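Asker: what would the 3D arrangement of this be:
(chains A and B)
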Amino acid sequence: MENLNLILPEIFISLSIMFLLILGVFKNDSSKITFILSLFAILITTIITFNETFSVTRETLFNGSVVIDSMSSLMKIITLIGGFLVLVISSTYLKTFKIYNIEYPVLILSSILGMMVMISSNDLIVFYMGLELQSLALYVLATYNRDQLKSSEAGLKYFVLSALSSGLLLYGCSLVYGFSGSTNFDIISNQLNSEEYVLTFGIVFILVGLAFKISAVPFHMWAPDVYEGSPTTVTLFFTIVPKVAALTVFIRFLYVPFLNLIDQWQMIIVFLSIASMIFGAVAAIGQTNIKRLIAYSSIGHIGYTLAGLATASNEGIQSSIIYISIYVIMNLALFSCLLMLKRKDQYYENIDDLSGLSKNHPLLSLCLLLILFSLAGIPPLAGFFAKFYVFKAVLEQSMYFLAIVGLLSTVVAAFYYLRIIKIMYFDKEKDKYDTDHSLWLKFSLTVSTILILLYFIFPSQLVEVVSRINII
Amino acid sequence: MNFPILSSLILLPIVGALFLFFTKDKEGNNLTAKYVALFTTVVNFLISIYLWISFDQSTSSFQFVEDRTWIEGFINYKVGVDGISILFIILTTFITPLCIISVNNSVKNRLRDFLIAILIMESFMIGVFCALDLVVFYLFFEAGLIPMFLIIGIWGGARRVYSAFKFFLYTLLGSVLMLVAIISIYWITGTTDVVQLYEIGIDVKYQNLLWLAFFSSFAVKTPMWPVHTWLPDAHVEAPTAGSVLLAAILLKMAGYGFIRFSLGLFPVASEVFTPLIYTLSVIAIIFTSLIALMQEDMKKLIAYSSVAHMGFVTLGIFTLQQQGIEGSIIQMISHGLVSAALFLIVGVVYDRMHSRLISTYGGLVSVIPKYSILFMLFALASLGLPGTSGFIGEFLILMGAFKDNFLVAVIASIGVILGAAYMLWLYKRVVFGKLLNEDLKKILDLNRSEYFILSCLAAPILFFGFYPDPLITTIEVSVTDLINMHNTNIASK
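Answerer: Numbers count the residues shown, from 1 in each chain, chains lettered A, B, ... in the order given. All right, here's what the predicted structure looks like:
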């Protein structure tokens, strides 16, 4: 008998989704209660994940198609916490646009479920199932503000391009299956060798599909439009949670089935990484909309995460995971600030709207200042350490070119972060924004900013947790 | 373990800043905030004086060392001082309270935030000078960009945005290569602890590239020709207190870095690249002195003179002679005092007349005599008149240079003459001559606080000019050992 305790989190979250849907059908005006219940569902799932799987080093289930190891538990917990915080700070925004419905939490829960399946997958089919579950939920979420043209456009764009990439991914999977005769990652890993040329196509197709999901250059085109058009809270969800899941799958693919083919994929990852870092830095300079800017900045950050993966070492993987964890915190903080730019039921999202923010809202702008310097990677803030670990891993493998290009692009990227700071601090002030924010919004901003600011006091904790992850 | 005196030096300003952060910001002249900041920095100064008194001058090993694990198995938080760094710490703690007293007129709005920025800046600067781990050093070195960027950008003059960006991006660009070098050193030797690295040494085949990476950072920060262009912009636009911090202390980080890291860690490469440094230093001395002659803006003139003086410093460091390095350190301390004083002098008339152009002034001696006397003293100290601290530094540097390379020393000596030319000409145009500008007749002489600040700066300039012994005995053993270490390293390879 399989040890079902290990997938208890997934079971629990699926049952909650069904229960919430039924509740929504039978109870009138149930949006508030669904919100609260789904928060509890995520919370309980987090606790279960922590208790049941955190100490597990590596276990497989269902003929090895699902794997529970320290990486999957950590990434699931990051996903769940990210999802929880997104949900908790969304309510005011949704109420403003009168889209505070039961579908929102249910869709978020289903995409989280999809991601959890993805994170634990050790089999092409299980992986694809998880991927499609999360993607379908995300398409709907992107169009969630359906009365707005931009939101519908974003959803459609995301759907078409994402379907295309899923197709590529599936084609790649079929090629890999054809050569190895199995869908199981471990078996594939033993069967594959680098002499088959056509196999390279399979790898490339899979990597292209995955690169699309994490919006690495040159497969990033959808990101700015979708980020701009989606409701802000959904954009927040897009920028953090699916990236964590997709990154985990990326790691899993590269280092389990394709481990013996490092020569084939290493150059591809280095290219994706360098292209994303440079493009993310350069393209963000001309942006006027904060959400678009964040899209480009997140492309850049994905570039740094990939730089860690390109090293083909455990340190590299660990540094990528540290990077993505700190990135999640920084983006959460950034969006909390963005959600505070509200005046009489209208949200502001242009960079110019920040003009002179420091005069009217000194505390908010101080937080934003720290977040932006952290995103730019200036010490002693958390963002610096994220980059530091990545480049430490990169330089261990003597990949000097990658490190130097990466660090030079941080200088370029620093320019556009500084530009926002300049607008906040050096320019003339505008009207005041509302200050009656929800407690949760204030909470998430305060906690994430404090984490960013004081990370340097206890840098070892995160490293310790992550150092348990040994994939190779 | 003894009382962590260095950490308290670093932390105290931050505590003061936190305290200020929680006090209410008042419009106009916020005296409470000012007293809090002043109190913090004065206490810090007294602690650093205590540090100097209890400092053992007979040894070159690091003292007051604190060593704590910071990132398991990777970085230790390690701080300590030796004869070279202690003077810079005292310079920092000495200049900062003077800056705070001087903010009366130059900072009109958001005084509290300004003081917070200055205090945080102070703690980062002290951190730079006592860090004994490369990563810790880098952290403090880079972190200083944030408050300085804000000081220039928020409280600066008309072109402040341009200058702040230029300052930030230039310095960051230089520094990222140093980060690559630091991480590489970790992978080559397995440690980033400076003391251990001194003992192990770094393989010769890596030294040249690593040296260049460190050089790229320090050259921008020094600043050396041709990457000096951010400095005049930053100086001109920064408020007086910001210019003072920038000239007096920030620039010294790079000179200190050259001595501590470039010489100490890469002895062979330092030997290899000496001609490069000589060339750039000589060009900086002659070229920027000539540029300084042409300036019409007083602050810009002093900024260019800083570049020239720092040219002397880099020249002295890489003579690799006892006199040269000692001269460089004294020159840095002296330049810290003199340039701070000169920026304050310009600030005094700028506050009254709102013009930094030399042509606005002339004949000041007949209306504000006290001011003119002090200005004269600082101008003479800047050009290195015997009897001022500027002379000791320049003299020792040139002595070291003559030992090492005659031609370079001769050309550098021409720079001394040029230095005299632009300072005296500046003084002549501002202070002497006919009083043509009618507005100048109503100008007020130094008020009490300005008089106090400038006298505080004049006293050590004169004292160390006549009696440099306390400085030299403090640094002597450390410098001798540095050179011995350097020579044994060269001999063994």
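
Asker: please count neighbours and contacts with C-alpha atoms only from this point.
Answerer: OK.

Asker: how many neighbours does the one residue in the stretch 201-350 of chain A that gets nearest to chain B have?
Answerer: Relative to chain B, the nearest point of the stretch 201-350 of chain A is residue A:315 (12.8 Å; CA to the nearest CA). Applying other CA atoms under 10 Å in any protein chain shown, we find 23 residues neighbouring residue A:315.

Asker: need the contact list for it.
Answerer: When contacts are counted by CA atoms under 8 Å, 6 or more residues apart in numbering or on different chains, residue A:315 touches A:308, A:393.

Asker: do you know how far it is from residue A:472?
Answerer: Applying CA to CA, to the nearest Å, the value for residue A:315 to residue A:472 is 10 Å.

Asker: check residue A:392 too.
Answerer: The spacing between residue A:392 and residue A:472, counted by CA to CA, is 18 Å.

Asker: in terms of neighbours, single out the busier of the two.
Answerer: residue A:392 (23 against 10).

Asker: so is the helix or strand containing the more buried one next to chain B?
Answerer: For residue A:392, the host element (DSSP states H and E) is helix A:382-396. Yes: residues of helix A:382-396 contacting chain B under CA under 8 Å from any CA of the partner chain: A:391, A:392, A:395, A:396.

Asker: which residues touch that helix?
Answerer: A:304-305, A:307-308, A:310-311, A:313, A:315-316, A:319-320, A:322-323, A:326-327, A:330, A:373-379, A:400, A:402-403, A:451-456, B:180, B:183-184, B:187.

Asker: and these, which of them are buried?
Answerer: A:304-305, A:307-308, A:310-311, A:313, A:315-316, A:319-320, A:322-323, A:326-327, A:330, A:373-379, A:402-403, A:451-453, A:455-456, B:180, B:183-184, B:187 (16 or more other CA atoms under 10 Å in any protein chain shown).

Asker: which parts of chain B sit against chain A?
Answerer: Residues of chain B lying near chain A (CA under 8 Å from any CA): B:70-72, B:139-140, B:142-143, B:146, B:153-154, B:161, B:165, B:169, B:172-173, B:176-177, B:180, B:183-184, B:187.

Asker: on that earlier part again, how close does the residue of the stretch 201-350 of chain A closest to chain B sit to residue B:395?
Answerer: 52 Å.

Asker: residues near residue A:14, how many?
Answerer: Neighbours of residue A:14 (other CA under 10 Å): 18.

Asker: for chain B, what's its nearest residue on the stretch 251-400 of chain A.
Answerer: For the stretch 251-400 of chain A, CA to the nearest CA, closest residue to chain B: residue A:379, 5.2 Å.

Asker: and that residue, its phi and psi?
Answerer: For residue A:379, the backbone dihedrals (degrees, to the nearest 10) come out as phi -70, psi 160.

Asker: that one is in contact with residue B:143, isn't it?
Answerer: Yes: between residue A:379 and residue B:143 there is a contact under CA atoms under 8 Å: 5.2 Å.

Asker: which neighbours do those two share?
Answerer: Between them, residue A:379 and residue B:143 share no contacting residue, judged by CA under 8 Å, 6+ apart.

Asker: where are the low-confidence patches of chain A?
Answerer: A:1-2, A:194 (pLDDT under 70).

Asker: how does it look with 50?
Answerer: Flagging of chain A using pLDDT under 50 yields an empty set of residue ranges.

Asker: select the longest helix from it.
Answerer: helix A:149-180 (DSSP state H).

Asker: and that one, what does it pack against?
Answerer: The contact analysis (3 or more CA pairs under 8 Å, 6 or more residues apart in numbering or on different chains; DSSP states H and E) places helix A:149-180 against helix A:124-142, helix A:185-191, helix A:197-213, helix A:222-229.

Asker: rerun at 6 Å
Answerer: helix A:124-142, helix A:197-213, helix A:222-229 (3 or more CA pairs under 6 Å, 6 or more residues apart in numbering or on different chains; DSSP states H and E).

Asker: just want the angle from the shortest one to helix A:149-180.
Answerer: Looking back up the chat, that one is helix A:222-229. 150 degrees (axes from the mean of the first three to the mean of the last three CA atoms, to 10 degrees).

Asker: over to the longest one?
Answerer: Relative orientation of helix A:124-142 with respect to helix A:149-180: 170 degrees, computed using the same axes, to 10 degrees.

Asker: so which residues of the stretch 301-450 of chain A form strands?
Answerer: A:342-343, A:346-347 (DSSP state E, counting those that start in this stretch).

Asker: now tabulate these in CSV and tack on distance to residue B:268 and mean neighbour count.
Answerer: Output for the strands of the stretch 301-450 of chain A, formatted as CSV (distance: least, CA to CA, whole Å; neighbours: other CA atoms under 10 Å in any protein chain shown):
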stretch, distance to residue B:268, mean neighbour count
strand A:342-343, 60, 16
strand A:346-347, 60, 16
